[in-house]
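>>> Pasting the sequence and the predicted coordinates here, then a few questions.
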Amino acid sequence: MKRYISILRKLGLKEKEVQIYLDLIQYWASSITDIIKRTWLHRPEAYRLIPVLIEEWFITELKKSKSRLFEAESPEKLILLLENLENDLQNIIPDLINMHSSAIKRPSVKYQEWKKSISYVFSDIVNTLSKWDIFYRVSSERDVTKANSYIPKDYREKRDKKQLERFVIMSANQSSVKKPRLEREIVTIPPKLDEFTDNVQMIIYWNKVAFLDFNSEASIIIENAFIAGFQLKLFKMLFESLRKIND
């Protein structure tokens, strides 16, 4: 009996509805009183569930009887119900696919505050990217040493183990405290163009764009391939222009 209940519940029936249906399969035409006696259901439950079973074609009421009697529909009708369900499913699958595609394209935005939120972004970079991947950073922090204090202890180890390359845009003053590294290329904003001390970073990695605000200790991560791709195009154009100026 448990096996029947388990299978029939997959058609959308609740356990007590299955009890009534299986009871009528075994005992043929029955009154509500008889059903209640055999299934041990409460009377209000039986009165509530029987109309549902009639509507869903699992049982039928014998109209010619003087008293209200109910019987189970032929089990062969379950095949028809399953076929109808399959047809309905086939009809809505294209809509579901479109909804799913729209959800994938919809940007995901994560906003966090406090020091840990900035540290989280650095961890996300090294955990998200694969070996030899590249990320792109625009840095305008006023105090490089203080900005580095937000970096998790294992960040550099993971970054170097994966041999992650990076291209960086920053102010000339900031770049002077950076040691040369083979896997990092820096171009600078000339002081005559801008002092570039907004105390904010933008980092592009995988299909994400992260903004770090050291002023309020907050971070925003936007995950969307189109937005990340667009920001990367802008970054590369600016990077190439500054490289020519720096040369």
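Received, thanks.

>>> Could you break the chain into its assigned domains?
Using automatic domain parsing, the domain ranges for the chain come out as 2-74, 108-246.

>>> any idea how far Glu195 lies from Arg181?
Relative to Arg181, Glu195 is positioned 25 Å away (C-beta to C-beta, to the nearest Å). The way it works is simple: take the backbone N, C-alpha and C, and place the C-beta from them, glycine included.

>>> hmm, back to that, want to throw the domains of the chain into JSON lines with mean neighbour count?
Converted to JSON lines, the domains of the chain look like this (neighbours: other C-beta atoms under 10 Å):
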{"stretch": "domain 2-74", "mean neighbour count": "15"}
{"stretch": "domain 108-246", "mean neighbour count": "16"}
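
>>> least reliable of the ones you listed going by mean pLDDT?
Looking at the domains of the chain, the lowest mean pLDDT belongs to domain 2-74 (a mean of 86).

>>> and the residue of the chain most remote from its centre, helix, strand or coil?
Most distant residue from the mean C-alpha position of the chain: Lys66, 57.2 Å away (C-alpha atoms, centre = their mean). Following DSSP: H, G, I helix; E, B strand; the rest coil, Lys66 is assigned to coil.

>>> Also Leu212?
strand.

>>> distance of it from Thr60?
Leu212 sits 67 Å away from Thr60, going by C-beta to C-beta.

>>> Next up, the contacts around the residue lying closest to Arg106 once chain neighbours are set aside.
Spatial nearest neighbour of Arg106, chain neighbours left out: Asn224 (7.6 Å); criterion: C-beta to C-beta, 6 or more residues apart in numbering. For Asn224, the contact set (C-beta atoms under 8 Å, 6 or more residues apart in numbering) comprises Lys105, Arg106, Pro107, Ser108, Asn207.
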